[in-house]
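1. Sharing a model that was predicted from the sequence below.
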Amino acid sequence: MSLNQPPADSDGDGMPDCWETGHMLDADDPADASLDRDNDGLTNLQEYELCTHPGRADSDYDGIDDGEDPFPINEDYADGGGTGAGGAGGAGCAARESAASQPWEYALLTLLVLVGQSARRRGYSLRGTVSI
């Protein structure tokens, strides 16, 4: 795997195959990019770009649907939100996407991010690096 190579996008809809597969979308159907499965006002492509969850109207559980929320990924509210499970916030999401070329890699990276977010909210400090 090369970190300089973007993840595969078989249908050319702007969402990597690993993200589509991880969110039960069809990696071979470009039409799913324009759908809004959770009726939050954001298309699946917008959910990918914002690192929100396409199957959860309120990815960070703050009581405001993602399409109306000026901060749809607010770590103060997120409980299990993260790119894979909900949304993990901004640049971190894009970095994980470019690092993961297989669905299991994406899931593992997402899990690591979620554990780190949860630990920080509970006052723990995690130090170290992960190499892929």
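-> The structure has been received and is ready for your questions.
2. all strands of this protein, in order?
-> With strands called from DSSP state E, the chain shows none.
3. Could you list the low-pLDDT ranges of it?
-> 1-4, 75-107, 109, 113-114, 116-121, 124-132 (pLDDT under 70).
4. can you rerun that using 50?
-> Under the criterion pLDDT under 50, the flagged ranges of the chain are 1, 79-92, 95, 99-100, 132.
5. List the residues that contact residue 28.
-> Going by Cβ atoms under 8 Å, 6 or more residues apart in numbering, residue 28 touches 10-11. Just so you know, the C-beta spots here come from the backbone N, C-alpha and C atoms, and that holds for glycine as well.
6. quick one: it and residue 48, what's the gap?
-> Residue 28 sits 16 Å away from residue 48, taking Cβ to Cβ, to the nearest Å as the criterion.
7. do the same with residue 63
-> Counting by Cβ to Cβ, the gap from residue 63 to residue 48 is 23 Å.
8. what about residue 25, how many neighbours?
-> Counted with other Cβ atoms under 10 Å, residues neighbouring residue 25 total 23.
9. Equivalent analysis for residue 123, please.
-> Counted with other Cβ under 10 Å, residue 123 comes out at 6.
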